[in-house]
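Undergrad: Quick one: sequence plus predicted model below, questions after.
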Amino acid sequence: MYDYHAHTNYSDGAFLRWMVEAAADAGLDGIGFADHCNVSPEPNAERHKRAFGFNLDLTYERRREAIEAVRENAAVEVYDAAEMDYDPDHETPIAEFLDDAGFDYAVGSVHDLDGANVHVRSHFADKPASERRALVDRYFEKLVALVESELFAIAAHPDLIERNPHLRGFATEDHYAAVVDAFRDSRTVPEVNAGRLLDDYGEFHPAPAFLDRLVDAGVEVTVGTDSHEPDEIAPRLREIETELDRRGVEPVRLDGIVADA
């Protein structure tokens, strides 16, 4: 079992070495560190990532040295990855950065909607239902564009909007169908993400109805615990294993990843 989506202190997670040790203790064969990264040219995005310390665009080489050092004695394979914020308007700087950085693989995420992170509940709370529905339409349009861009090996938490109660419930069968079609025609693979499974949201990403459509269509999936702390890895991994066993789904291992790259 490989967890391709975890975080370290190079974005908003715990110390890298602690996360590696926890991955080994959880019985994983490999752990991929996909710390948050943003290369948007917009001034707002630049201020936000500096304020919150999401500076992997500047620190990835330093983190790579740390990964190489920890690999020497690690009981699991350790991958050097990035979770990249995606916007269709910024494909060129994203592609250029990923090409220069040479990560083992890249994870793509749609985090921003209407100029705000989808986690910011207050931004969406007072909007009329019609506007929130339109924003969810836009979210899925961006997700399809992410998959079709072929910039990423993995698409993270493909229904992230469900974490926000003000955006929850607007996803439709048409949204799911569009995303499933995109995945079927792309090398990009969705993940089964447990980032909020044991917290207030209480579901996997994709949510059950969405995951049903992906599995029925034969779309392969990877595993992402989306852990930020060492003690999150094992319990989230157990839940993912149980769900995949229940569905009879074997997660795919990404091709071309070499632990000592």
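TA: On my side now, so go ahead. Residues are numbered from 1 along each chain as shown.

Undergrad: and residue 89, how many neighbours?
TA: 12 (other CB atoms under 10 Å). Using the backbone N, CA and C atoms, a C-beta is placed for each residue, glycine as well.

Undergrad: need the helix or strand of this structure with the lowest average pLDDT.
TA: Taking mean pLDDT, DSSP states H and E as the measure, the chain has helix 43-52 as its least confident helix or strand, at a mean of 80.

Undergrad: CA atoms only for that helix, dumped as CSV, please.
TA: Extracted C-alpha coordinates of helix 43-52, given in CSV (Å, rounded to 0.1, in the frame of the first residue of the first chain):
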residue,chain,number,x,y,z
PRO,A,43,-0.3,39.2,-6.3
ASN,A,44,-3.0,37.9,-4.0
ALA,A,45,-1.8,34.4,-4.3
GLU,A,46,1.8,35.5,-3.7
ARG,A,47,0.8,37.3,-0.5
HIS,A,48,-1.3,34.4,0.7
LYS,A,49,1.4,31.7,0.3
ARG,A,50,4.1,33.9,2.0
ALA,A,51,1.7,34.7,4.9
PHE,A,52,0.9,31.0,5.5
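
Undergrad: Any chance you could list what contacts it?
TA: Residues from elsewhere that reach helix 43-52 (CB atoms under 8 Å, 6 or more residues apart in numbering): 12, 36, 38, 40, 54-55, 57, 85, 115.

Undergrad: List the buried residues for it?
TA: For helix 43-52, burial by neighbour count (16 or more other CB atoms under 10 Å) applies to 45, 48-49.

Undergrad: Looking at these, spot the one nearest residue 134.
TA: Distance to residue 134, by CB to CB, is smallest for residue 45 among those, at 22.4 Å.

Undergrad: And the closest one, how close does it get to residue 90?
TA: Taking CB to CB, to the nearest Å as the criterion, residue 45 is separated from residue 90 by 9 Å.

Undergrad: again, but for residue 136
TA: To residue 90, residue 136 is 21 Å away according to CB to CB.

Undergrad: State the number of residues packed around residue 190.
TA: 28.

Undergrad: repeat for the one 3 residues further on
TA: Using other CB under 10 Å, residue 193 has 27 neighbouring residues.

Undergrad: next one: the one 3 residues further on
TA: Under the neighbour criterion other CB under 10 Å, residue 196 is assigned a count of 18.

Undergrad: which SS class is it?
TA: Here residue 196 is recorded as coil under DSSP: H, G, I helix; E, B strand; the rest coil.

Undergrad: more crowded one of residue 136 and residue 90?
TA: More neighbours sit around residue 136 than around the other of residue 136 and residue 90, counting by other CB under 10 Å; the figures are 23 against 18.

Undergrad: At which residues are the strands of the stretch 101-250 of the chain located?
TA: Secondary structure of the stretch 101-250 of the chain (DSSP state E, counting those that start in this stretch): strands at 105-109, 112-113, 116-117, 154-155, 189-193, 222-224.

Undergrad: just checking, what packs against the fifth one?
TA: Packed against strand 189-193, as judged by 3 or more CB pairs under 8 Å, 6 or more residues apart in numbering; DSSP states H and E, are the following elements: strand 2-6, strand 154-155, strand 222-224, helix 230-247.

Undergrad: Nearest to residue 209, out of these?
TA: The closest approach between residue 209 and any of these, judged by CB to CB, belongs to helix 230-247 at 13.2 Å.

Undergrad: Flag the shaky bits of the protein, pLDDT-wise.
TA: By pLDDT under 70, the low-scoring segments of the chain are 256-261.

Undergrad: for the most centrally placed residue in it, phi and psi?
TA: The residue at the geometric middle of the chain, judged as the C-alpha nearest the mean C-alpha position with CA atoms, centre = their mean, is residue 156 (2.8 Å). Taking degrees, to the nearest 10, you get phi -80, psi 150 for the backbone angles of residue 156.
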